[in-house]
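J.: Compute the structure for the input listed below.
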Amino acid sequence: MTTFGAPLVWLLIALMAAGTLALRVSFLGIVGRTGRIPDPVRRVLRLIPAAVLAALVVPALLRPDGGFDATFDNHRLFAGIAASLVAWRTRNVFATIAAGMAILWLLDAVL
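T.: Coordinates of the predicted model:
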């Protein structure tokens, strides 16, 4: 529960919505006016999928129960490392998922 009043919360929501809209409109305005995406922006946009994937995966590996856990008891961390190695060697999404899940299930069953 927040200690802010309802009008302030709605004002903050409106400001965040306006900021999001401004960012999207500015990008579309640049592309619409020039007809192409500038090269520096194109280079940055190529990094977004990797950044989003890291933002989703790393907390699940290092904080499985809510607290930082980089110990030998963290099976998810070892499964994630193994899956990363499989992804690096094979560049196959299905092999990566299968290897990560197999290692995780094996560690959970044995240890």
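J.: so who does the closest residue to Ala99 other than its chain neighbours touch?
T.: Excluding its sequence neighbours, the residue lying closest to Ala99 (C-beta to C-beta, 6 or more residues apart in numbering) is Val86, at 4.1 Å. For glycine as for every other residue, the C-beta is placed from the backbone atoms N, C-alpha and C. Contacts for Val86 were tallied using C-beta atoms under 8 Å, 6 or more residues apart in numbering; they are Asn92, Ala95, Thr96, Ala99, Gly100.
J.: Of the residues you listed, which is the most crowded?
T.: Neighbour counts for the contacts of Val86 peak at Gly100, which has 22 neighbours (criterion: other C-beta atoms under 10 Å).
J.: Can you classify that one by secondary structure?
T.: Here Gly100 is recorded as helix under DSSP: H, G, I helix; E, B strand; the rest coil.
J.: So for the strand or helix carrying Pro40, what gets flagged as buried?
T.: Element membership for Pro40 (DSSP states H and E) is helix 39-62. Buried residues in helix 39-62, defined by neighbour count with 16 or more other C-beta atoms under 10 Å: Leu61.
J.: From the chain's centroid, how far away is the very next helix or strand once past it?
T.: Under the assignment DSSP H and E, the closest C-terminal helix or strand after helix 39-62 is helix 75-90. A distance of 17 Å separates the centroid of the chain from that of helix 75-90, by C-alpha atoms, centre = their mean, to the nearest Å.
J.: sorry, back to before: packing partners for the helix holding Pro40?
T.: Counting contacts by 3 or more C-beta pairs under 8 Å, 6 or more residues apart in numbering; DSSP states H and E, helix 39-62 is packed against helix 75-90.
J.: tell me the average confidence for the helix it packs on?
T.: Helix 75-90 shows a mean pLDDT of 95.
J.: tell me the angle it makes with helix 39-62.
T.: 140 degrees (axes from the mean of the first three to the mean of the last three C-alpha atoms, to 10 degrees).
J.: Using CSV, list the CA coordinates for helix 75-90.
T.: This file holds the C-alpha atoms of helix 75-90, laid out as CSV (Å, rounded to 0.1, in the frame of the first residue of the first chain):
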residue,chain,number,x,y,z
HIS,A,75,20.7,-26.0,-9.1
ARG,A,76,19.2,-23.4,-11.4
LEU,A,77,22.5,-21.6,-11.6
PHE,A,78,24.3,-24.7,-12.7
ALA,A,79,21.6,-25.7,-15.2
GLY,A,80,21.8,-22.1,-16.6
ILE,A,81,25.5,-22.3,-17.0
ALA,A,82,25.2,-25.7,-18.8
ALA,A,83,22.4,-24.3,-21.0
SER,A,84,24.6,-21.3,-21.9
LEU,A,85,27.4,-23.6,-22.9
VAL,A,86,25.1,-25.7,-25.1
ALA,A,87,23.7,-22.5,-26.7
TRP,A,88,27.2,-21.2,-27.4
ARG,A,89,28.3,-24.5,-29.0
THR,A,90,25.2,-25.5,-30.9
